[in-house]
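>>> Sequence first, predicted model second:
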Amino acid sequence: MVKNTPVVVIGASGFIAKNVRKYLSKNNIKLISISRKNFKKFKNETKIITKNYDEKIILPKLKNSEVLIHLVGIGKQTINDDYNLTNTEFTKKIIDLCKKSKIKKIIYFSGLGVSKNTTLGYFISKYKAERQIIDSDLDYVIFRPSYIVGKDDSFTKYLKQQIKTGQINIPGSGNYSIQPIYIDDVSQIIFNVITQSKQSKMILDLVGSESITFKKYIKEFSSRTNTKIKKINLEIVYHKAISEPQSEFGVDDLNLLIGNFKGNHKKLKNTFKIQFTSIRKLLKSGSLL
Ligand SMILES: NC(=O)c1ccc[n+]([C@@H]2O[C@H](COP(=O)([O-])OP(=O)(O)OC[C@H]3O[C@@H](n4cnc5c(N)ncnc54)[C@H](OP(=O)(O)O)[C@@H]3O)[C@@H](O)[C@H]2O)c1
């Protein structure tokens, strides 16, 4: 559908955006990518740099776009950058921008575990962002991702660094599960949403085919190396997360892990009918080790 009209990507220099933009560009999708900082642009891409998403800068450049991929979000708060501002209020601003520029559809990345019954601040901000999109009269596909894995996601980078030190620390028992999905599968799914225009007003869990305990994931990840895996008492890890802003796990990283969320992969598979990368293949592809 939109092969000839540019797709707008916001939060362009983030992990998912970088990978998705590369994939879309390779597949001849024109892009208008927006970020607060400078970034390397791909073929078919127009770049907009704006610190505060100033409409005066953005609006004149958004012509004929039909779809916007919303990849702005934070998973850790500071006094300048909190969940309400960046996840919820910013989404309101983007909906406004879509309406003014006649963009018809938003693809939004929420989070696995978001629901109307949630009590977590992070999920509440994402839930409210979802509601604003749903109530906006725009068309939408809302994804609720588990952990998205690639060469350059922050968690994989962290694990690679830990391997170099000879030890990976895991919070608590490590018996809670994740349901990772490979970034290339995510890019393909986004491409399908853009080109097929079949998915309308949908909320989908963005999860791989298998759940795996965190402990097992780390074990497999480091299996070809000589790395010790050490369980760290959860109380100690939480304390560090609360008192040291730079700690490897933030409070909400821990909440999401311990939350043990499972997603509906079958619905995702039935919707997109793509070949998903298995965890085994994802870990053993060599790209991660
Ligand atoms: N990666 C995952 O496994 C995962 C799982 C669940 C949900 N998600 C969601 O997917 C989205 C993208 O994730 P990601 O992993 O690509 O994250 P990321 O690498 O941290 O990218 C997020 C981007 O958001 C933009 N951003 C952050 N604060 C902002 C602010 N105050 N104003 C404007 N832009 C701001 C930044 O874009 P610029 O620097 O380009 O301005 C940043 O690069 C997020 O909403 C995240 O919550 C990701």
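Sure, I can see it.

>>> got the residues of the stretch 151-289 of the chain near the ligand?
By Cβ under 6 Å from any ligand atom, the residues of the stretch 151-289 of the chain that approach the ligand are residue 153. Any C-beta I mention is one placed from the backbone N, CA and C, and that applies to glycine too.

>>> mind checking how far residue 118 is from residue 263?
Residue 118 is 15 Å from residue 263, where distance means Cβ to Cβ, to the nearest Å.

>>> quick one, which of those two is more surrounded?
residue 263 (21 against 15; other Cβ atoms under 10 Å).

>>> what does stretch 71-90 rub up against?
Residues outside stretch 71-90 that contact it (Cβ atoms under 8 Å, 6 or more residues apart in numbering) are 9-12, 14, 16-17, 20, 53, 91, 94, 109, 121-122, 124-126, 128-129, 132, 245, 250-253, 256.

>>> so how far is the first residue of that stretch from its last?
End-to-end distance for stretch 71-90: 11 Å, by Cα to Cα, to the nearest Å.

>>> quick one: buried residues of it?
71-75, 77, 82-83, 86-90 (16 or more other Cβ atoms under 10 Å).

>>> again with stretch 213-221
213, 214, 215, 217, 218, 219, 220, 221.

>>> where do the helices sit along the chain?
For the chain, the helices defined by DSSP state H cover 15-26, 55-58, 83, 90-100, 121-134, 154-165, 183-196, 214-221, 234-243, 251-259, 265-272, 279-284.

>>> can you name the farthest residue from the center of this protein?
What lies farthest from the middle of the chain is residue 226; by Cα atoms, centre = their mean that is 30.6 Å.

>>> Make sure it is actually in contact with residue 166.
Yes. Counting by Cβ atoms under 8 Å, residue 226 does reach residue 166; the two are 7.0 Å apart.

>>> Sketch out the low-pLDDT regions of the stretch 151-289 of the chain for me.
284-289 (pLDDT under 70).

>>> Looks like residue 9 contacts residue 19 (just checking).
No. With contact defined as Cβ under 8 Å, residue 9 does not count as touching residue 19 (11.1 Å).

>>> ok, the two, which is more surrounded?
Higher neighbour count among residue 9 and residue 19: residue 9, with 27 against 20, using other Cβ under 10 Å.

>>> Could you pull up the residues touching that one?
Counting by Cβ under 8 Å, 6+ apart, residue 9 touches 17, 20, 21, 31, 32, 33, 34, 68, 69, 71.

>>> most surrounded residue in the residues you listed?
The residue in the contacts of residue 9 with the most neighbours, by other Cβ under 10 Å, is residue 20 (30 neighbours).

>>> Roughly how far does that residue sit from the ligand?
As judged by Cβ to the nearest ligand atom, to the nearest Å, residue 20 and the ligand stand 9 Å apart.

>>> Which pLDDT value goes with that residue?
What the model reports for residue 20 is a pLDDT of 98.

>>> Next, count neighbours for the nearest residue to it once chain neighbours are set aside.
In this structure, residue 20 finds its nearest non-sequential neighbour in residue 187, 4.9 Å apart by Cβ to Cβ, 6 or more residues apart in numbering. By other Cβ under 10 Å, 20 other residues sit near residue 187.

>>> cool, and residue 211?
Using other Cβ under 10 Å, the number of residues around residue 211 comes to 19.
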